[in-house]
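Asker: Give me a 3D structure for the following:
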Amino acid sequence: MTDPIEIVVADSAPIYRNAFKIAANRLQVEVVFVEISDWYQLEHYVRTAKAVGLLVVDSALSGLESISQLFALKKLCHSPLVVTTQNASPKFVRTIQAAGASAIVCKSLPVQQFTVALQEVLSGREFFPDADDSTDAHHHHVTHPEHAFKYLSKAELEIVGRVRKGWQNRQIAEQLKLAESTVKTHLHNTYRKLEVDNRTQLVSLALRWPHVYDAS
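Answerer: The predicted model follows:
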């Protein structure tokens with residue numbers, strides 16, 4: 001008798017953990033499903049677990065601050081890694097592939113596609129967006145960047161609103177009563193969550209959707 005496959009899903013949003021649970025239950029294999037809500041819990045679990053069959057990690061997971069953490073996690077557990085995201089830009093896909101992931105799943109895809117991605121990876125194959133054909137819904141779906149703002153914290157949203165107005169970090173820190181280094185950390189996390197490289201790209205994105213954050 002084949003042992004159950006342990007699938008660990010790390011996502012700060014319960015709705016997506018549940019979606020992957022539904023997807024996993026549709027697989028033609030017996031699974032043990034583990035839900036995790038932040039990076040620190042995930043890292044501890046991976047270090048202490050006997051065997052993890054498959055890891056599913058959200059790119060905006062609370063506590064996940066850089067892709068290098070995914071590199072380290074992959075080396076630690078040697079399990080196939082599926083990364084979920086709200087916006088699978090070509091640059092992001094390349095970065096995640098370099099981190100050793102076996103798949104990227106855009107979170108706006110239907111649950112059926114989550115199941116397909118899991119089945120592909122468990123079968124030893126890969127599941128990545130097709131950079132040459134953004135209309136192919138089976139492989140590639142780029143979420144409207146507006147949705148990515150929903151993953152920013154209150155502090156990050158407040159900072160985005162002020163960056164859009166042209167404020168410098170020192171000014172933002174003074175008004176929000178934060179250390180300037182804290183503002184820099186929030187910006188770094190915001191760049192990662194919105195998949196932008198710098199302040200200019202952040203402003204360009206913020207100007208397109210000013211209604212999704214607090215710009216007071």
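
Asker: Would you mind confirming that residue 186 makes contact with residue 155?
Answerer: Yes. Shown here, residue 186 and residue 155 form a contact pair, counting by CB atoms under 8 Å, at 5.6 Å. For the C-beta atoms, the positions are set from N, CA and C on the backbone; glycine is no exception.

Asker: Comparing these two, which residue is more hemmed in?
Answerer: residue 186 (22 against 16; other CB atoms under 10 Å).

Asker: Roughly how far does the more buried one sit from residue 95?
Answerer: 21 Å (CB to CB, to the nearest Å).

Asker: Report the contact partners of the nearest residue to residue 30 once chain neighbours are set aside.
Answerer: The shortest distance from residue 30 to any non-neighbouring residue, by CB to CB, 6 or more residues apart in numbering, is to residue 4 (4.3 Å). Residue 4 makes contact with 29-32 under the criterion CB atoms under 8 Å, 6 or more residues apart in numbering.

Asker: Output the below-cut-off pLDDT ranges for the protein.
Answerer: 1, 130-148, 209-216 (pLDDT under 70).

Asker: Give me the distance from the helix ranked longest in the chain to the chain's centre.
Answerer: Taking DSSP state H as the criterion, the chain has its longest helix at helix 180-194. Centroid separation for helix 180-194 versus its chain: 16 Å, with CA atoms, centre = their mean, to the nearest Å.

Asker: Just name whatever secondary elements that helix is in contact with.
Answerer: In terms of contacts (3 or more CB pairs under 8 Å, 6 or more residues apart in numbering; DSSP states H and E), helix 180-194 is packed against helix 145-148, helix 154-164, helix 169-176, helix 199-208.
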